[in-house]
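Chemist: okay, here's the prediction I keep looking at, along with the sequence it came from:
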Amino acid sequence: MEPSWLGTARVLFVAGKGGVGSSTVAAAVSLLAARNGADVLLASVDGKPGLGPLLGGQPLTKDEQLLRALSASGGRVRGRSIPPDQAFGDYLELRGVGGLLRRAASAASLDMVAASTPGLEHLLVLGKIKELERTKAADLIVVDAPPAGHAAPFIRSASALQEVVASGPVRQQADEVAEMLADPQRAQALLVTLAEETPVNELIELACDVDERLGLALAPLVVNACWPDRADLALTPAAAAKRSGITLSVADKAALTMSSRYGWARLQVQREQLARLDELLPLPRVVLPKITAPRLTPEHLERLAEELAVEPERPR
């Protein structure tokens, strides 16, 4: 099953505060789209190599590789990273600079050029993504964007350079990237958070930056790693045991009391933060379960893809 929001844009930027699982969500979205028959390109901006093995392939590099092919649907997931130096070399090639000169220029001058033009490295990477979208390199390009503190400057680089560069190749590249970001059929942002105060604060700030200042359309929010909401945790273990006709030892009662208090406190925080999102960022959202495992596996990713296939909840 494919949710209504998936596939409405050809480029999907997945971003959130570091540690909220946005890279895992990017991999799960890629798998979900491939399950529905799409040819997906998963592009890692920060070069996180672990996304490849999570999808059943090798660690990501700047060279594209096939990560997963789904015979039942005909879909597939390819993956690669997009380092700025390679994006710079591709940009020079696009501008007609010859191979040997291009390699020398990209190796020697990127640091110097980037230092004199803040935001250029981000623009080069976005420009590469724009070219992949323009040439229809995939049905869907899923971009694993930098963490929230760097995501806004990354996406904002085109508009920032438009303000300071009046003409020339850099201005043209900035205009073309800004045009892609402003078109909801070409690009959208899928923002990820945990149901915790600091990640929610950063998500709200990033959403305002992306939507209001940059004009990049927002897909549903993803609230990751949520505990199941169990109302019975409000009961004390002694009361729950009595209701069930069970007798607890003193040691069991003490251990269960500590555990239930922790679980109840976590649920209270989760409920409060979901209510804040309802009030301050009333967008449809997908709630993903917390997976209690020391390390995520491809099987866990399958489960997350299934959860993402459910139509988003509407704010209450």
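Modeler: Received the coordinates, thanks. This structure is a prediction, so every number in the text was calculated from the model and none was measured.

Chemist: may I see the buried residues of the strand or helix carrying Gln173?
Modeler: Take DSSP states H and E as the rule and Gln173 turns out to sit in helix 169-181. By neighbour count with 16 or more other CB atoms under 10 Å, helix 169-181 contains the buried residues 170, 173-174, 176-178, 180-181. All C-beta atoms are positioned from the backbone trio N, CA, C, and that covers glycine.

Chemist: doesn't Gly7 make contact with Gln185?
Modeler: No. Using CB atoms under 8 Å, Gln185 is not in contact with Gly7, being 10.4 Å away.

Chemist: look at these two and report which has more neighbours.
Modeler: With neighbours defined as other CB atoms under 10 Å, Gln185 and Gly7 compare such that Gly7 has more, 15 against 9.

Chemist: sorry, back to before: what's the mean pLDDT across the helix holding Gln173?
Modeler: Here helix 169-181 scores 90 as its mean pLDDT.

Chemist: which other helices and strands does that helix contact?
Modeler: helix 120-134, helix 148-164 (3 or more CB pairs under 8 Å, 6 or more residues apart in numbering; DSSP states H and E).

Chemist: give me that answer again for 10 Å
Modeler: strand 11-16, helix 84-94, helix 120-134, helix 148-164, strand 187-194 (3 or more CB pairs under 10 Å, 6 or more residues apart in numbering; DSSP states H and E).

Chemist: for Leu126, the count of nearby residues, please.
Modeler: By other CB under 10 Å, the residues close to Leu126 number 29.

Chemist: next one: Trp264
Modeler: By other CB under 10 Å, the residues close to Trp264 number 16.

Chemist: isn't it right up against Met258?
Modeler: No. Look at Trp264 against Met258 with CB atoms under 10 Å: they stay out of range, at 11.0 Å.

Chemist: tilt between the helix ranked longest in the chain and strand 187-194?
Modeler: The longest helix of the chain (DSSP state H) is helix 250-280. Angle between the axes of helix 250-280 and strand 187-194 is 150 degrees (criterion: axes from the mean of the first three to the mean of the last three CA atoms, to 10 degrees).

Chemist: any idea of the angle the next helix-or-strand element following helix 250-280 forms with helix 250-280?
Modeler: Sequence-wise, the next helix or strand downstream of helix 250-280 (DSSP H and E) is strand 285-289. Strand 285-289 and helix 250-280 are oriented at 160 degrees to each other (the same axes, to 10 degrees).

Chemist: who does strand 285-289 touch, helix- and strand-wise?
Modeler: helix 22-35, strand 187-194, strand 221-226, helix 250-280, helix 298-308.

Chemist: apply 6 Å and report the result again.
Modeler: Identification of packing neighbours for strand 285-289 by 3 or more CB pairs under 6 Å, 6 or more residues apart in numbering; DSSP states H and E yields strand 221-226, helix 298-308.

Chemist: give me the contacts around the longest one.
Modeler: Spelled out, that is helix 298-308. If you take CB atoms under 6 Å, 6 or more residues apart in numbering as the criterion, helix 298-308 is touched by 27-28, 31-32, 54, 56, 286, 288, 291.

Chemist: contacting residues for Lys253?
Modeler: Pro237.

Chemist: confidence score at it?
Modeler: For Lys253, the model assigns a pLDDT of 73.

Chemist: how about low-confidence regions in the stretch 151-300 of the chain?
Modeler: Filtered on pLDDT under 70, the stretch 151-300 of the chain yields the residue ranges 233-234.

Chemist: if we can go back for a sec, quick check: buried residues in the longest helix of the chain?
Modeler: For helix 250-280, by 16+ other CB under 10 Å, it's 256, 260, 264, 266-267, 270, 273-274, 277.

Chemist: before we move on, the earlier item: distance to Val200 added to the buried residues of helix 169-181, as TSV?
Modeler: Compiled in TSV, those are given as follows (distance: CB to CB, whole Å):
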residue	distance to Val200
Val170	36
Gln173	34
Ala174	32
Glu176	34
Val177	29
Ala178	28
Met180	29
Leu181	24
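
Chemist: ok, so of those, who is nearest Ala231?
Modeler: Of all these, Ala231 sits closest to Leu181, with 42.9 Å by CB to CB.

Chemist: distance check, Lys48 against Asp175.
Modeler: 30 Å (CB to CB, to the nearest Å).

Chemist: actually, Lys290.
Modeler: In terms of CB to CB, Lys290 sits 43 Å off from Asp175.

Chemist: on that earlier part again, out of the helices and strands packed on helix 169-181, which is closest to Glu205?
Modeler: helix 148-164 (7.7 Å).
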